[in-house]
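Colleague: I need the structure of the sequence given here:
(chains A and B)
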Amino acid sequence: MSRNTFTAASSSMSRRLFLTTTGALSLGAALTACGGGDSGGSSGSAEPVGQADIDKAMKTPTELTFWTWVPNIAKEIALFEKKYPAIKVKVVNAGQGTPQYTKLRTALKAGSGAPDMVQIEYQAIPTFTITDSLLDLRPYGADKLKDQFVDWTWGQVSGSDGEVWAIPQDTGPMGMLYRKDIFDKHGIEVPKTWDEFAEAARKLHKADPDVYLTNLAANQPAAWHGLQWQAGAEPYATSGDSDITISVDDAASRKLGEYWGGLAKEGVISVDPDFTDGWYAGLNKGKYATWLTAAWGPAFLSGSAKATAGKWRAAPLPQWDAAKPSAGNWGGSTTAVIRSTKNPIAAAVFAQFLNTDPASARMFATEQFFFPATKALLTDKEFVSDAPSFYGGQKVNQLFADISATVDPSFQWPPFLDQAATDWTETVGKSLADKTDTVRALGTWQSRLTTYAKNQGFTVKGS
Amino acid sequence: MAAARRHRSAGPLFVAPFLVLFLLLFLAPLGYAAYLSLFQERLIGGTVFVGLDNYVKAFGDSQFLHGVGRVALFFVVQVPVMLLLALLFALALDSGLLRLSRVIRLGIFVPYAVPSVVAALMWGYLYGPDFGPFAQLSRNLDLPAPAFLSEGWMLGSLANIVTWEFVGYNMIILYAALRTVPHELYEAAAMDGAGAWRIAWSIKLPALRPALLLTLLFSVIGSFQLFNEPNLLMKIAPDVISSSYTANLYAYTLAFTGQQVNYAATVSFLLGLVIVIASYGVLLTANRRRTP
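Modeller: So this is what the prediction gives:
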């Protein structure tokens, strides 16, 4: 699953990887490895590379290193190596999400050991472009791929001057998975608006104190950002080289804070940390009647809550304005090329091939159950007609494909996402768990981030 | 004469490997950290020399000070409990009165063989407020589930994990020290009419003093560097364990989350200083007590 991991080690897979690596990553290593040395590379010009150069590079024996956590990606790689026999791709699994970014950042600082290509989630792209670590893929023809991808994904991988920093791989438009059996038992209609959702939460918890309508994890800034996205919040905006607007407590976010903080305080939703043993057990034992998740959620859930097969259904997120349906995105990743690569052409061609070659792109959807980023697959009959029995034969892919079209394309991420995520957990997340004032916590989050950004040399505007 | 000179010239050769390693693996990183701590690298604007600014900042940084305070409290409470337990186990094993003493010795030591990461995960599961065994048990008895992961209990829960992990290790050190006490001493004491308790108090305990001091020093260092356990429990109790819960965790967060490598170096350097002072304090008290 390529769902987002804002916080380290949130899935069992990433946790295992995290465990094997934390030992090696002592502070000593951190201090000695982080020396001078810029991420380097010549200043990238946007001059297109000629086809002759590309052909030559793709026939030159080359070994590329690719960091990715996609399970069994060897199948997709084999397609590439079959087309370009001179190029060998070495796959390294350096952890999922944050643990991988940590290692990547360390390698970039050290000036050696960084891969040629790397899997990177949408929200982490600005964090790496601010340090000049990614290669602009335009000269290698990436700007011609725009129309193949869902519009909002292209906005996520594009820079302010039109650079193409990465090629979309999969996405996570958000929806709601719900337990039909629990809803039926208590006579609850699938909520269409957040107001209905809140009523249902109160009704359900009153009827059965052991069950909560949903769990809003107090450690999951990614889900919160997804909900902000849906609500039309614009928490971050960068302009120029060093100007940033931070307004994580804008009006839309405060509306969210009031809503979720209120439900948490009433105790009608739970706020357990997600992707933990207790949370998995809760999903399996029916503690949560819905899971507000992303398009990768259905496949993930059918693997980790086997005991509840057939009881789940999917629906769009409840809406703030039912007349104008919208959704946020949670997770999904891309393939980027590291600027320090010695083989930029081969690496850039690889990134494009992996995610646009019809056979390779389809494989992500059928082998790894990733939710596609290409328009072709989202309208592909075979893909959208899939009706898994875990969801009672519902066409879940079709539902999420429709949701994908309602994701606002303009949402932006900050160039210091890790800090934003940590600060969220310690302010907003903590307020949900402690049942204190979430709106005030939004203000604390805002001021912590502003202080951080100023210390890092940004010119901060905003609320 | 010639032989003596040859001996003398061979000396440095024997010391050289140690010196080289000491220089490369200890002094160099230390010096590098000190060097880093004098700069500030920003995402915008690059690296600037700031002199001792980072140190001034750290002394007024409540997150750092709270982290140090928390591990100091942890040290004061957890270490005596752990060492006392280790001492009791060592004395009991050494008394020869236990059946299956080898099995017991191994049993107490085994948790040390479990990596601390695994231990923290395991205890994290046991502490679970919904489906952890303790919670389930108390629910079956109609009692409220113990809040192991709440703000008030967390430090105790962490102390429990660390104690569980390290009692066996300390016990082995103490036990080994006990085995070196000459048997004639016990026989002489017995002849003078001393019982088992008297022997333990007057012979074994004084003989254990250097070993106890050693375990105490290890514990100072271990406590102040507390990292793995809180770092892992953070995933299941994010509202209780913040990213600056312990000083070491704070340094890690600064470097890897905030990308403030230089300030992280400052914090680590200061933490090292705190450990040196605490260790020196322990040594000083112990030595003062020894000389009457």
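Colleague: From the contact counts, what lies against the host helix or strand of residue A:54?
Modeller: When elements are assigned from DSSP states H and E, residue A:54 belongs to helix A:51-59. Other helices and strands packing on helix A:51-59, by 3 or more Cβ pairs under 8 Å, 6 or more residues apart in numbering or on different chains; DSSP states H and E, are helix A:344-356. For the C-beta atoms, the positions are set from N, CA and C on the backbone; glycine is no exception.
Colleague: relative orientation of the helix it packs on and helix A:51-59 in degrees?
Modeller: 80 degrees (axes from the mean of the first three to the mean of the last three Cα atoms, to 10 degrees).
Colleague: wait, is residue A:132 part of a strand?
Modeller: No: read with DSSP: H, G, I helix; E, B strand; the rest coil, residue A:132 is coil and lies in no strand.
Colleague: in the helix holding residue A:54, what's buried?
Modeller: Neighbour-count burial for helix A:51-59, counted by 16 or more other Cβ atoms under 10 Å in any protein chain shown, picks out A:54, A:57-58.
Colleague: Then stretch A:87-97?
Modeller: For stretch A:87-97, by 16+ other Cβ under 10 Å, it's A:87, A:89, A:91, A:93-97.
Colleague: centre of the chain versus it, how much separation?
Modeller: 19 Å (Cα atoms, centre = their mean, to the nearest Å).
Colleague: Quote the end-to-end distance of that stretch.
Modeller: Taking Cα to Cα, to the nearest Å, stretch A:87-97 runs 27 Å from one end to the other.
Colleague: Okay, the closest residue to residue B:119 other than its chain neighbours and residue B:155: tell me how far apart.
Modeller: Distances taken as Cβ to Cβ, 6 or more residues apart in numbering or on different chains place residue B:165 nearest to residue B:119, at 5.3 Å, with adjacent residues excluded. To residue B:155, residue B:165 is 16 Å away according to Cβ to Cβ, to the nearest Å.
Colleague: Do a quick rundown of the helices in the stretch 1-150 of chain B.
Modeller: Per DSSP state H, counting those that start in this stretch, the stretch 1-150 of chain B carries helices over the ranges B:2-22, B:28-36, B:53-59, B:62-94, B:101-113, B:116-127, B:133-140.
Colleague: Can you read off the pLDDT for the residue sitting furthest away from the middle of chain A?
Modeller: What lies farthest from the middle of chain A is residue A:52; by Cα atoms, centre = their mean that is 36.4 Å. Here, the pLDDT recorded for residue A:52 equals 92.
Colleague: now the one 3 residues further on
Modeller: Listed pLDDT for residue A:55 reads 94.
Colleague: more crowded one of residue B:165 and residue B:155?
Modeller: residue B:165 (23 against 18; other Cβ atoms under 10 Å in any protein chain shown).
Colleague: How far away from the center of its chain is the helix or strand harbouring the more buried one?
Modeller: Using DSSP H and E, residue B:165 sits in helix B:154-179. Mean-position distance between helix B:154-179 and its chain equals 10 Å (Cα atoms, centre = their mean).
Colleague: Buried residues in the next helix or strand after that helix, which are they?
Modeller: Next along the chain after helix B:154-179, taking DSSP H and E as the criterion, comes helix B:183-191. The neighbour-count check on helix B:183-191 (16+ other Cβ under 10 Å) flags residue B:189 as buried.
Colleague: what does the average pLDDT come to for helix B:183-191?
Modeller: 91.
Colleague: is chain A contacted by the strand or helix carrying residue B:249?
Modeller: Here residue B:249, judged by DSSP H and E, is contained in helix B:247-256. Yes: for helix B:247-256 and chain A, the contact criterion (Cβ under 8 Å from any Cβ of the partner chain) is met by B:248, B:251-253, B:255-256.
Colleague: CA atoms of that helix as CSV?
Modeller: C-alpha atoms of helix B:247-256 as CSV (Å, rounded to 0.1, in the frame of the first residue of the first chain):
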residue,chain,number,x,y,z
ALA,B,247,16.6,14.7,25.8
ASN,B,248,17.9,12.1,23.4
LEU,B,249,14.6,11.8,21.6
TYR,B,250,14.6,15.6,21.3
ALA,B,251,18.0,15.6,19.7
TYR,B,252,16.9,13.0,17.2
THR,B,253,13.7,14.9,16.4
LEU,B,254,15.7,18.1,15.8
ALA,B,255,18.1,16.4,13.4
PHE,B,256,15.6,14.2,11.5
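Colleague: now the angle from it to helix B:62-94?
Modeller: 130 degrees.
Colleague: Return the distance of helix B:247-256 from the chain's centre.
Modeller: Going by Cα atoms, centre = their mean, where helix B:247-256 is centred and where its chain is centred differ by 18 Å.
Colleague: Stretch B:112-121: end-to-end distance?
Modeller: Note: stretch B:112-121 ends 15 Å apart using Cα to Cα.
Colleague: List the buried residues in that stretch.
Modeller: B:112, B:116-117, B:119-121.
Colleague: mind checking which helix or strand residue A:409 is in?
Modeller: Per DSSP H and E, residue A:409 falls between elements, in no helix or strand.
Colleague: Just list the residues touching it, thanks.
Modeller: By Cβ atoms under 8 Å, 6 or more residues apart in numbering or on different chains, the contact list for residue A:409 reads A:151-152, A:154-155.
Colleague: before we move on, back to that, can you flag which of the buried residues of stretch A:87-97 belong to helices?
Modeller: Within these, no residue falls in helices by DSSP state H.
Colleague: And those, which is closest to residue B:185?
Modeller: Distance to residue B:185 across the buried residues of stretch A:87-97 (Cβ to Cβ) is lowest for residue A:95, with 55.9 Å.
Colleague: The closest one reaches residue A:103, doesn't it?
Modeller: Yes: in this structure, residue A:95 is within contact of residue A:103 by Cβ atoms under 8 Å, at 6.6 Å.
Colleague: List the contacts of residue B:212.
Modeller: Contacts of residue B:212 by Cβ under 8 Å, 6+ apart are B:83, B:87, B:174.
Colleague: Revised request: answer the last question for residue A:364.
Modeller: Contacts of residue A:364 (Cβ under 8 Å, 6+ apart): A:70, A:76, A:169-170, A:355, A:370, A:372.
Colleague: now swap in residue A:159 and tell me
Modeller: Residue A:159 makes contacts with A:129, A:136, A:165, as judged by Cβ under 8 Å, 6+ apart.
Colleague: Tell me which of those fall in helices.
Modeller: Those of the contacts of residue A:159 lying in helices (DSSP H): residue A:129.
Colleague: Which members of the contacts of residue A:364 occur in helices, if any?
Modeller: Counted as lying in helices by DSSP H, out of the contacts of residue A:364, are A:76, A:355.
Colleague: In terms of distance to chain B, which of the contacts of residue A:364 ranks first?
Modeller: Chain B lies nearest to residue A:70 out of the contacts of residue A:364, by Cβ to the nearest Cβ, at 22.9 Å.
Colleague: wait, the closest one sits on residue A:367?
Modeller: No: between residue A:70 and residue A:367 there is no contact under Cβ under 8 Å: 9.2 Å.
Colleague: So those two - more neighbours on which side?
Modeller: residue A:70 (25 against 14).
Colleague: residues contacting the more buried one?
Modeller: Contacts for residue A:70 (Cβ under 8 Å, 6+ apart) come out as A:2, A:76, A:119, A:364, A:368, A:370.
Colleague: returning to that earlier point: export the helices of the stretch 1-150 of chain B to TSV and append columns for distance to residue A:377.
Modeller: Output for the helices of the stretch 1-150 of chain B, formatted as TSV (distance: least, Cβ to Cβ, whole Å):
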stretch	distance to residue A:377
helix B:2-22	56
helix B:28-36	48
helix B:53-59	51
helix B:62-94	47
helix B:101-113	49
helix B:116-127	38
helix B:133-140	44
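Colleague: about what we covered before: now, of the contacts of residue A:409, which are buried?
Modeller: Looks like the contacts of residue A:409 have A:152, A:154-155 buried, using 16+ other Cβ under 10 Å.
Colleague: in the stretch 1-150 of chain B, what residue is nearest chain A?
Modeller: Counting by Cβ to the nearest Cβ, the stretch 1-150 of chain B gets nearest to chain A through residue B:44 (3.4 Å).
Colleague: I appreciate the help and will end here.
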